[in-house]
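[1] Following is a predicted model, sequence given first.
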Amino acid sequence: MSGRLVALTHAPSPAIEQGERTHRPRLPIDFDRALRQHESYRRLLAECGCEVQLLAANRDFPDGVFIEDTAVVLDEVAVLATMGAASRRGEPAGVEPVLRRYRTVRRLEPPATLEGGDVLRVGRTLLVGHSQRTNAAGIAALAEIARDHGYSVRPVPVRGCLHLKSACSALPDGRLLVDSARVDREALSGFPLVPVSEAEAANALLVGETVVLAAAFPRTAALVRSLGFAVRTVDLSEFAKAEGAVTCLSLIFPP
């Protein structure tokens, strides 16, 4: 595999305001502003060295823009998710044809549920959130596939947030940004942890050596810069109303 990173993104649905809400109140979303923010996000990914693709297969699904949840893309295989939210069950099929251009595709099957936002890769370890969207059967099914390719899977209990990556994400050197109130720190033993402010989020997207953060979290951006990393920020306020963040708007992988 060589070349630039591929970044799969998905056009926002005009029905995004009707999407799932678990931990946030339902607020009005300015769709035109969301479109502009999504364009800025795609432009940032391109500036960071990605070959950005914009899909539209799931525009009938209110949450279709959150493409990360549909699959786990490893170097050797892409694993199609079985969405924990019933309203999202059709989304992986819309992404599958594009993934097949780059990877062999494996599917999870019910009663296993797993969403990509719960899967954080750190080297050859997959930290997998046991959340409201990802169950024990989903973690076990992913572990069976990943084991064949030399990955280990470690379950991580998640509380008070939608996915593991809402409260835990990796920095380029393998340290983990964590919101200790929402993640079981014991499950992360062995990893160096960098706590974030309780008022912000530990959601960071790695694009090569660049750390991408939401503009709403300036303390976290300052913290990550103080550790010596290049940081870019982007305004995703309209997607935050739909429980979205920087990681869930793309699937990024080497071609």
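    Noted; the coordinates are in hand.

[2] Does residue 78 touch residue 105 like I think?
    Yes. Judged on Cβ atoms under 8 Å, residue 78 makes contact with residue 105 at a distance of 5.0 Å. Backbone N, C-alpha and C define where each C-beta goes, glycine included.

[3] shared neighbours of those two, anything?
    Shared contacts of residue 78 and residue 105 (Cβ atoms under 8 Å, 6 or more residues apart in numbering): residue 99.

[4] Between the two, point out the one with more neighbours.
    More crowded of residue 78 and residue 105, by other Cβ atoms under 10 Å: residue 78, with 22 against 17.

[5] Report the contact partners of the more buried one.
    Contacts of residue 78 by Cβ under 8 Å, 6+ apart are 71-72, 99-100, 102-106.

[6] Go again with 10 Å.
    Counting by Cβ atoms under 10 Å, 6 or more residues apart in numbering, residue 78 touches 70-72, 95-96, 98-100, 102-107, 251, 253.

[7] Quick check: helices, which of those are part of them?
    Here DSSP state H is the test, and the contacts of residue 78 give 95-96, 98-99 as lying in helices.

[8] Could you identify which of those residues has the most neighbours?
    Of the ones in helices among the contacts of residue 78, with other Cβ under 10 Å as the count, residue 95 tops at 24 neighbours.

[9] in terms of contact, does that one touch residue 67 like I think?
    Yes. Using Cβ atoms under 10 Å, residue 95 and residue 67 qualify as a contacting pair, with a distance of 6.4 Å.

[10] Find the residues that touch each one of these two.
    8, 10, 55, 57-58, 251.

[11] Can you list the helices and strands that the helix or strand where residue 225 lies packs against?
    In the assignment (DSSP states H and E), residue 225 maps to helix 218-226. Other elements packing on helix 218-226 under the criterion 3 or more Cβ pairs under 10 Å, 6 or more residues apart in numbering; DSSP states H and E are strand 176-178, strand 193-195, strand 210-214, strand 230-234.

[12] tell me the two of the ones in helices among the contacts of residue 78 that are most distant?
    Pairwise distances across the ones in helices among the contacts of residue 78 (Cβ to Cβ) peak at 7.4 Å, for the pair 96 and 98.

[13] Mutual contacts of the two, please.
    In contact with both residue 96 and residue 98: 57, 71, 78, using Cβ under 10 Å, 6+ apart.

[14] In strands only, show me those residues.
    71, 78 (DSSP state E).

[15] Please enumerate the strands of the stretch 101-250 of the chain.
    With DSSP state E, counting those that start in this stretch, the ranges of strands along the stretch 101-250 of the chain come out as 104-107, 119-122, 125-130, 152-157, 168-170, 176-178, 193-195, 205-207, 210-214, 230-234.

[16] and of those, who's closest to residue 39?
    strand 230-234 (10.5 Å).

[17] Residues touching that closest one, excluding its own?
    Taking Cβ under 10 Å, 6+ apart as the rule, strand 230-234 contacts 37-38, 40-45, 47-48, 172, 204-205, 207-218, 220-225, 246, 249.

[18] got it, and stretch 134-141?
    With Cβ under 10 Å, 6+ apart as the criterion, stretch 134-141 contacts 69, 79, 81-84, 106-119, 126, 128-131, 142, 153-156, 158, 163-164.

[19] Just the buried ones among those, please.
    Buried by 16 or more other Cβ atoms under 10 Å: 69, 79, 81-84, 106-108, 112-119, 126, 128-131, 142, 153-156, 158, 163-164, out of these.

[20] neighbours of the closest residue to residue 245 other than its chain neighbours, just the number please.
    With sequence-adjacent residues excluded and distances taken as Cβ to Cβ, 6 or more residues apart in numbering, residue 245 is closest to residue 203, at 4.2 Å. Look at residue 203: counted by other Cβ under 10 Å, it has 29 neighbours.

[21] Good, wrapping up.
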